[in-house]
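Asks: fold the following.
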Amino acid sequence: MPAMEVNPDLQKERNTATFDPNEFSVFWAGGADKYKEKKALEKMFLEDPALNDEVPTSYMSHKELYENSLRKACLIGEKIRELRANGEDGVDTYNALLGGSLGAALVKEGNPIALHYVMFVPTIMGQGSMEQQVEWLSKAWDCEIIGTYAQTELGHGTFLRGLETRADYDAQTQQFVINTPTLSAYKWWPGGLGHTANHAVVVAQLYTKGEFRGLAPFIVQLRDTDTHMPLPGIDIGDIGTKLGMKAVNNGYLGLKNVRVPLNNMLMKNQQVLPDGTYVAPKNSVLTYGTMMFVRCALIRDTAQSLAKASTIATRYSAVRRQSPIDPKEPEPQIMEHTTQQLKLFPQIAKAIVFKTTGDGIWNMYNVLSGEIELGNLDRLPEMHALSCCLKAICSADAAAGVETCRLSCGGHGYMDCSNFPTIYGMTTAVCTYEGENTVMLLQTARYLVKVYGQALSGDELVPTVAYINEAIKLKYFVNFDGSLESIVKAFQFVAANKVRVAYEQIEQRRRQGHCTEVAANLSGVFLTGAADLHGRAFLAESAYKELMAVSKTVSPALADVLKVVLELYLVDACLNRIGDFLRFIDLTDADVTKLEMRLESCLKRLRPNAVALVDSFDLHDRVLDSALGAYDGNVYDHIFESTKKNPLNKEPVNEAFHKYLKPFMKAHL
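Replies: Model prediction:
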């Protein structure tokens, strides 16, 4: 289809921008060098016709979708080999191609090889001894073997101690015998497990000398590397279609008396000696390092989901005209409606805040990884708690934000060609995998209750929870003046008091005779509420620090826009939790009204730059894959073009008419 002129309404929006979108794009990419790398990757991958789909994936069967996605995944893998051979395969490359927007553009419903890079390889690096890394990593990096990570079972997910898969050590043969003794013990969900992977890291309950030792990871070969047939004792297949991520080839795995050599147990943190002697890890938390790594990466992924959804909805809102505001005037752009702005602009702000916070968390994780390698585990519990609650909050907010953007596009947002169904399916999946969100909040809450007790004893707390010390000293929050600094401090004060209430609830129930675990269950609503506010307080502080710091390094024009984004995020976040603020802070009706008026002011001030901001996310049309969100804004042309790709429209009369409809119509004659 020949290129069309840009829709005049969309061009008008771009002309009103008060800042240079390219400057923001460079910041968003992480700097000039990373922006250049991003553009080079897009050219290398998006301009390859073999990675394009002539028929939209929504018209493919489950089998066709998997086969086409695997074809493209292998082409991507070949290009990754080229990049690695040239020394151009940094961490950002894998993030972009496997979990980022570029990867989603290339393999729309998920890459069936992604878990090989995202979980299988990192687990060997994090859990394998040096000798095991030497043995396995070269094969894995070169894709001589394709792996996945098999932990979750049909009957158990986040509760790892409940896993039923069992590995018994046989000292005579120096082998582990691995079994899934029941149907509920079958491994369920691992990406690529169905028909793609030939190896897996299988997490099982370890027994040596007849004694239970805890969980351990084992490298298990699943299929013959030449024929790809399942090996003896392996029952394996694809679990079927899902809400989203339909091409990931999630699988099931049953094991019956499958034997693996002693050295196939990953032994960096715990060991089994040839005679069956068990050497326990110095810290059991070390065995969960891979999942913490993925949770940190997911925070940035949620920002990309919101960036895509808000770009589509904002561009559409600039083009779509409907419902006169003034009856005497023509139909306006729907973005002129304040209620439409309230749907869109907070999602743009969240995308920016989640991205800057995600980058900070990623840097924190890398520093922590270095400390762990040196044996310093002091900040591991803090990082675990923070990654858990931020994963939960960012994924839940992103999924809700994508749905809000879809709803803002009316009926057209319901069409597959809008790409909202796929974006939503990919985003809402994050609410469950790598730890279901409620369980993640409870894990964070357990840490918060513990540190609250330490604070009561006079202990100084680590940086991300130090606000609890301050709140205990303050007792009452004074001087809420509505400034951004005041909102951040208020979030911390409210979070500290939510933690206090959770702590007191557990203590009260323990005094009633309940054990700690039962007391925690009975206090679950208080605990999740505390963890949620802790995460939101961190986001508020991070947003303020990061965006104010960035504002000092960019042009005054961009700085002004970022300050409006920051204000919008903080005021909107405060109003969304206003009940908690009113509970712990003496706010008046006038205070709340001022916040509501400031929200309205933020929307009005952001309005001239809305399209320029989403343009600044620099999302290629192939990445958006949306008739509603194309850069040229010719929405109706693109929607109609999408209908022409519908296989049902390739013939004027479908055969079903002759088979079913015509006989039905003529039956009474």
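
Asks: tell me the helix or strand right after the helix or strand of the chain with the lowest mean pLDDT.
Replies: With mean pLDDT, DSSP states H and E as the measure, the helix or strand of the chain carrying the lowest mean pLDDT is helix 91-94 (a mean of 82). Under the assignment DSSP states H and E, the closest C-terminal helix or strand after helix 91-94 is helix 101-106.

Asks: who are the packing partners of that following helix?
Replies: Other elements packing on helix 101-106 under the criterion 3 or more CB pairs under 8 Å, 6 or more residues apart in numbering; DSSP states H and E are helix 32-46, helix 62-85, helix 289-319, helix 621-624. Quick note: C-beta positions are derived from backbone N, CA and C, even for glycine.

Asks: would you single out the least confident of the ones you listed?
Replies: Within the helices and strands packed on helix 101-106, the least confident segment by mean pLDDT turns out to be helix 289-319, at a mean of 90.

Asks: pick the most buried one from the helices and strands packed on helix 101-106.
Replies: helix 289-319 (a mean of 26; mean count of other CB atoms under 10 Å).

Asks: what's it packed up against?
Replies: Based on contacts counted as 3+ CB pairs under 8 Å, 6+ apart, the elements that helix 289-319 packs against are helix 8-15, helix 101-106, helix 121-127, helix 338-373, helix 380-408, helix 420-429, helix 610-616, helix 621-624.

Asks: do you know how far the closest residue to P232 other than its chain neighbours is from Y316?
Replies: Using CB to CB, 6 or more residues apart in numbering and skipping residues adjacent in sequence, the residue nearest P232 is V258, 7.8 Å away. Counting by CB to CB, to the nearest Å, the separation of V258 from Y316 is 52 Å.

Asks: check Q508 too.
Replies: From Q508 over to Y316 (counting by CB to CB), the distance is 52 Å.

Asks: still on that earlier bit, select, out of the helices and strands packed on helix 101-106, the one closest to N649.
Replies: For N649, the closest of these is helix 62-85, at 18.6 Å, according to CB to CB.

Asks: off-centre distance for that closest one?
Replies: Its chain's C-alpha centre lies 22 Å from the corresponding centre of helix 62-85 when counted by CA atoms, centre = their mean, to the nearest Å.

Asks: distance to A543 added to the helices and strands packed on helix 101-106, as TSV?
Replies: Formatted as TSV, the entries for the helices and strands packed on helix 101-106 read as follows, by distance: least, CB to CB, whole Å:
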stretch	distance to A543
helix 32-46	21
helix 62-85	34
helix 289-319	12
helix 621-624	25
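
Asks: which one of the ones you listed lies nearest to N198?
Replies: Taking those one by one with CB to CB, helix 62-85 is closest: 13.3 Å.

Asks: between the closest one and helix 32-46, how big is the angle?
Replies: Put simply, helix 62-85 runs at 130 degrees to helix 32-46, going by axes from the mean of the first three to the mean of the last three CA atoms, to 10 degrees.

Asks: restricting to C-alpha, output helix 62-85 in CSV.
Replies: These are the backbone C-alpha positions of helix 62-85, laid out as CSV (Å, rounded to 0.1, in the frame of the first residue of the first chain):
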residue,chain,number,x,y,z
HIS,A,62,-3.1,-22.7,16.9
LYS,A,63,-0.9,-25.1,14.9
GLU,A,64,-0.2,-22.7,12.1
LEU,A,65,0.6,-19.9,14.6
TYR,A,66,3.1,-22.0,16.5
GLU,A,67,4.9,-23.2,13.3
ASN,A,68,5.1,-19.7,11.9
SER,A,69,6.3,-18.3,15.2
LEU,A,70,9.0,-21.0,15.5
ARG,A,71,10.1,-20.3,11.9
LYS,A,72,10.6,-16.6,12.8
ALA,A,73,12.1,-17.4,16.2
CYS,A,74,14.8,-19.4,14.4
LEU,A,75,15.5,-16.6,12.0
ILE,A,76,15.8,-14.2,14.9
GLY,A,77,18.2,-16.7,16.5
GLU,A,78,20.4,-16.8,13.4
LYS,A,79,20.6,-13.0,13.5
ILE,A,80,21.5,-13.1,17.2
ARG,A,81,24.3,-15.5,16.3
GLU,A,82,25.6,-12.9,13.7
LEU,A,83,25.4,-10.1,16.3
ARG,A,84,27.3,-12.3,18.8
ALA,A,85,29.9,-13.1,16.3
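
Asks: I would like the residues contacting it, please.
Replies: 44-45, 48, 50-51, 53, 57, 60, 89, 93-94, 97, 103, 106-107, 109-114, 141-143, 194-196, 238, 240-241, 246-247, 249 (CB atoms under 8 Å, 6 or more residues apart in numbering).

Asks: tell me which of those fall in strands.
Replies: Where these overlap with strands, as defined by DSSP state E, the overlap consists of D238.

Asks: OK, contacts around M4?
Replies: Here M4 is in contact with D632, N634, D637 (criterion: CB under 8 Å, 6+ apart).

Asks: swap in V118?
Replies: Y94, L98, G99, V294, A297.

Asks: find the nearest non-adjacent residue to the second one, please.
Replies: Spatial nearest neighbour of L98, excluding adjacent residues (CB to CB, 6+ apart): A114 at 4.6 Å.

Asks: equivalent analysis for the first one, please.
Replies: Excluding the flanking residues, the one nearest Y94 by CB to CB, 6+ apart is Y117, at 5.7 Å.

Asks: per-residue pLDDT, that neighbour?
Replies: On the pLDDT scale, Y117 is placed at 91.

Asks: burial of it, as a residue count?
Replies: Around Y117 there are 21 other residues, counting by other CB atoms under 10 Å.

Asks: just to revisit the earlier point, quick check: pLDDT value at the residue nearest to P232.
Replies: Reading off the per-residue confidence, V258 sits at a pLDDT of 98.

Asks: so what's Q271 bridging to?
Replies: Per DSSP bridges, the residues bridged to Q271 are V279.
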